[in-house]
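Asker: sequence below, structure please.
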Amino acid sequence: MLSNIGPFQLLIVLAIVLAIFGTKRLRTLGSDLGSAVKGFRSAVSEADKEPADQDKNETADFSTANTDQAEEPNNHS
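Answerer: Residues are numbered from 1 along each chain as shown. Here you go, the predicted structure:
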């Protein structure tokens, strides 16, 4: 259905949107949308980094726990 939309139809829609909202309102909407997308991308990249860091910390804690137990002397005389 969307494949039937041509450049002329898009220009008509753009003209109607400009008439309704005005250029100033469209500018603010565009900048708000851009900042929202930027915030979403940074949140996704932080979420991708956190599990990897958490896995490294768990592995380090596990290896430290094993070496601490191995270094303790047995005084069961």
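
Asker: burial measure for the closest residue to residue 17 other than its chain neighbours, as a count.
Answerer: Nearest residue to residue 17 in three dimensions, chain neighbours excluded: residue 26, at 7.2 Å (CB to CB, 6 or more residues apart in numbering). To be clear about C-beta, it is placed using only N, CA and C from the backbone, and glycine gets the same treatment. Using other CB atoms under 10 Å, residue 26 is surrounded by 14 other residues.

Asker: just the element for residue 26, please.
Answerer: Residue 26 belongs to helix 23-71 when assigned by DSSP states H and E.

Asker: could you give me the average pLDDT of that helix?
Answerer: Across helix 23-71, pLDDT averages out at 76.

Asker: pLDDT score for residue 19?
Answerer: Confidence score, pLDDT, at residue 19: 91.

Asker: next, it: secondary structure please.
Answerer: Under the three-state scheme (DSSP: H, G, I helix; E, B strand; the rest coil), residue 19 adopts helix.

Asker: quick thing: my sequence starts at 342, can you match it?
Answerer: Fine by me, first position is 342 from now on; the one you just mentioned is residue 360.

Asker: what distance do you get for it to residue 382?
Answerer: Separation of residue 360 from residue 382 (CB to CB, to the nearest Å): 33 Å.

Asker: hmm, the residue nearest to residue 358 is touching residue 360, no?
Answerer: No - counting by CB atoms under 8 Å, residue 367 does not reach residue 360; the two are 11.0 Å apart.

Asker: quick check on residue 347: phi, psi?
Answerer: Main-chain dihedrals, residue 347, degrees, to the nearest 10: phi -110, psi -180.

Asker: count of residues packed around residue 358?
Answerer: Residues lying near residue 358 (other CB under 10 Å) number 13.

Asker: any idea how far it lies from residue 379?
Answerer: From residue 358 to residue 379 the distance is 23 Å (CB to CB).

Asker: same question for residue 365.
Answerer: According to CB to CB, residue 365 and residue 379 sit 22 Å apart.
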